[in-house]
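A.B. asks: pasting a predicted model and its sequence here:
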Amino acid sequence: YKVNNELKEAKKEDYLLKRHYLEVNDDPLSPLQEQNCIATDNMSFEDIVNGINSGEESKEMTATHAARKILTRECEPPIDILINANVVPKLVQFLSHVNNPDLQLESVRALTKIVTGTSDQTQAVVTAEAVDGFMSLLGSPHPVVVEIAVRALGNIAGEGPELKKVLRSKASIPGFIFLLGSPNPVVKSLRGVTWTLANLCDKTIPRVLIVQQILPALIQLIHNDDDEIVDPACLALTRLTSDFENDFEIRYERIQEVVDAGFVPRLVALLNPNEASFYALMTICNIVSGSDAQTDSVLAAGVCPLLAKLLVNTGMFIIEYAARTVSEIAAGNETQIQALVTNNVIRPLVDVLSNVDFECQKQASRAITNIACGGNVEQIALLYEFGAIAPLCTYILETKEPKTIVVELDGLANILAAAEKMGECAKVSLHVKECGLLDRIGVLLRHDDIKIHPKSLAILERYFSTNVNYSILLLIFRLFFDDYHSCSHSECLFDNLTIAEIFESYFYFYFSYFFI
């Protein structure tokens, strides 16, 4: 019952959007730009295009400044108009004017705004060979030029897998790492570099780049004190350890590389309940979805007490992924489940099952079911002791997903089996009845999913004594719904029944169907 740990695209992008670092600072680099503000206020679009193509540096500067202003200050900037006027290649050329940093700055600002547009608009900038120009600016002596060039590259990397490959082919990662080695790196540049590295990370990135370049850079960044550096560093790790569909071998390999690089202690430390990093938690969740040894590395770092706290009084996303992380740990062995028990994770987990948020409930129910299916008798008994039966029954009553119902029925059956071994079956069965689940299980006998029928039937026949023959009840359900072929092989069951038994089962069915 390992939870499929593919990340929901909408949620993972809510926290750090593609354009998170793309606000362009309008502060001028030099007094010359201040003078240009006056000159550009009354420039027409035709004047801007002519100025950019004039070949005279002063006019190029004034026109580029004007272009940047209309791109950054209008609600719907005329990006397509500029592209169609063929000014993008000229702006790219201006990036190489090392003797005119003002022109470089205005050009990179204008191009950065263009790449915040649609995919086609971003592609127009890439087609004009802007990536090489942006890369060259990483060595500029002017921090603001470097910062905005990094933003542009990060935005390109966030546009899709093909453009990520373009950046990798240009050896962009070593350029970013060079910035990290600066004696006095600018915080804004570090933020942009980290965000760009996060955008470059996905399942297609070659292993050699991960081991030799990405992870050494991220291990440095993740220990920074700035949240806007740490969070995208954790996002990069999340992307490196997730989204591999059914390719478990590569998934485990990626996770092991992160573990071997020494990230786990720092990731666990970032789960401080007062300011927990969402992406640190998601990365931890990915790691514990791996092998037992990989899960053990997280447990050894002390994650359980922190998970217990994250399950209480935090945001819904944090609670959901904390419960999912517990579910992954609970899908392991008895020793790993015992770590959850010893560190008092079970009680707050049960409380989450009563949470109003469905996704939180879903993850908590899976965690409890994993404990019920993988734990020993004593561990399973704790679920009853901590009050898991009532909210679990409520969840089974309310859920509509067939796969979830099947899993939860398995969990309930294991809890009842553990109670039977400890001589508490009557008490637990009564509790299940009081929760209203017995009637629900009876209704599940007529569920469309073929896996639900036998599981419901097995629970009823083994743990709830009654005069009703549930096998015949199931047959009547099927006959009632004209599903003759699915039950014809069981017609022989009628041969050994009395008329009274058949009518008793039929009337039970009648009242179940019309009144439950």
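C.D. replies: Alright, I've got the coordinates.

A.B. asks: contacts, neighbours, all on C-alpha from now
C.D. replies: Noted.

A.B. asks: okay, buried residues for stretch 66-79 please.
C.D. replies: Under the neighbour-count criterion of 16 or more other C-alpha atoms under 10 Å, stretch 66-79 has 66-72, 77, 79 buried.

A.B. asks: wait, doesn't F176 sit right on V193?
C.D. replies: Yes: the pair F176 / V193 is scored as a contact, 6.1 Å apart, by C-alpha atoms under 8 Å.

A.B. asks: settle it for me: which of these two has more neighbours?
C.D. replies: The neighbour comparison of F176 against V193 (other C-alpha atoms under 10 Å) goes to V193, with 29 against 22.

A.B. asks: next one: T72 from P78, what distance?
C.D. replies: From T72 across to P78, the span is 10 Å (C-alpha to C-alpha, to the nearest Å).

A.B. asks: nope, P89 is what I was after
C.D. replies: P89 is 17 Å from P78, by C-alpha to C-alpha.

A.B. asks: do the same with T196
C.D. replies: T196 is 26 Å from P78, by C-alpha to C-alpha.

A.B. asks: check I229 too.
C.D. replies: From I229 to P78 the distance is 32 Å (C-alpha to C-alpha).

A.B. asks: also S107?
C.D. replies: On the measure of C-alpha to C-alpha, S107 and P78 end up 16 Å apart.

A.B. asks: same deal with C285?
C.D. replies: In terms of C-alpha to C-alpha, C285 sits 43 Å off from P78.

A.B. asks: check A372 too.
C.D. replies: Where P78 is concerned, A372 sits at a distance of 60 Å (C-alpha to C-alpha).

A.B. asks: again with K455
C.D. replies: K455 is 62 Å from P78, by C-alpha to C-alpha.

A.B. asks: next: G436.
C.D. replies: Distance from G436 to P78, by C-alpha to C-alpha: 63 Å.

A.B. asks: then V49?
C.D. replies: For V49, the distance to P78 - C-alpha to C-alpha - is 13 Å.

A.B. asks: may I see the buried residues of the strand or helix carrying E320?
C.D. replies: E320 belongs to helix 316-330 when assigned by DSSP states H and E. Neighbour-count burial for helix 316-330 flags 316, 318-330 (criterion: 16+ other C-alpha under 10 Å).

A.B. asks: between the next helix or strand after that helix and helix 316-330, how many degrees?
C.D. replies: As assigned by DSSP H and E, the chain's next helix or strand after helix 316-330 is helix 334-342. If you take axes from the mean of the first three to the mean of the last three C-alpha atoms, to 10 degrees, helix 334-342 sits at 140 degrees to helix 316-330.

A.B. asks: what separation do you get for the nearest residue to L240 once chain neighbours are set aside and I156?
C.D. replies: Leaving aside its chain neighbours, L240 sits nearest to D202 (5.6 Å; criterion: C-alpha to C-alpha, 6 or more residues apart in numbering). Separation of D202 from I156 (C-alpha to C-alpha): 14 Å.

A.B. asks: tell me which of those two has more neighbours.
C.D. replies: Between D202 and I156, I156 has the larger neighbour count (other C-alpha under 10 Å), namely 28 against 19.

A.B. asks: on the three-state scheme, the more buried one is what?
C.D. replies: Judged by DSSP: H, G, I helix; E, B strand; the rest coil, the three-state class of I156 is helix.

A.B. asks: so for it, what's the pLDDT?
C.D. replies: We have a pLDDT of 94 for I156.

A.B. asks: contacting residues for it?
C.D. replies: By C-alpha atoms under 8 Å, 6 or more residues apart in numbering, the contact list for I156 reads 115, 122, 163-164.

A.B. asks: check S456 too.
C.D. replies: 409, 441-442, 444-445.

A.B. asks: which residue in the residues you listed has the weakest pLDDT?
C.D. replies: Lowest pLDDT among these: G442, 74.

A.B. asks: now it: phi and psi?
C.D. replies: The phi/psi pair for G442 (degrees, to the nearest 10) reads phi -60, psi -40.

A.B. asks: can you check the one 3 residues further on too?
C.D. replies: Per-residue torsions, L445: phi -60, psi -20 (degrees, to the nearest 10).

A.B. asks: tell me which helix or strand comes right after the helix ranked longest in the chain.
C.D. replies: For the chain, the longest helix by residue count, based on DSSP state H, is helix 402-421. Per DSSP H and E, the first helix or strand lying C-terminal to helix 402-421 is helix 425-434.

A.B. asks: and that following helix, how far out from the chain middle?
C.D. replies: 38 Å (C-alpha atoms, centre = their mean, to the nearest Å).

A.B. asks: buried ones in that helix?
C.D. replies: Quick answer for helix 425-434 (16+ other C-alpha under 10 Å): 425, 428-429, 431-432.

A.B. asks: contacting residues around that helix?
C.D. replies: Residues from elsewhere that reach helix 425-434, judged by C-alpha under 8 Å, 6+ apart: 384, 389-390, 393, 416-417, 419-420, 438, 463-464.

A.B. asks: the same query, at a cut-off of 6 Å, please.
C.D. replies: Applying C-alpha atoms under 6 Å, 6 or more residues apart in numbering, the contact partners of helix 425-434 are A419.

A.B. asks: tell me the angle it makes with helix 402-421.
C.D. replies: Using the same axes, to 10 degrees: helix 425-434 against helix 402-421 is 150 degrees.

A.B. asks: using CSV, write out every CA atom in helix 425-434.
C.D. replies: Presented in CSV, the C-alpha positions along helix 425-434 are these (Å, rounded to 0.1, in the frame of the first residue of the first chain):
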residue,chain,number,x,y,z
CYS,A,425,-13.0,-9.2,19.2
ALA,A,426,-16.4,-8.9,20.7
LYS,A,427,-15.6,-5.5,22.1
VAL,A,428,-14.1,-4.2,18.9
SER,A,429,-16.9,-5.7,16.8
LEU,A,430,-19.5,-4.0,19.0
HIS,A,431,-17.7,-0.7,18.5
VAL,A,432,-17.8,-1.1,14.8
LYS,A,433,-21.5,-1.7,14.9
GLU,A,434,-22.0,1.4,17.1
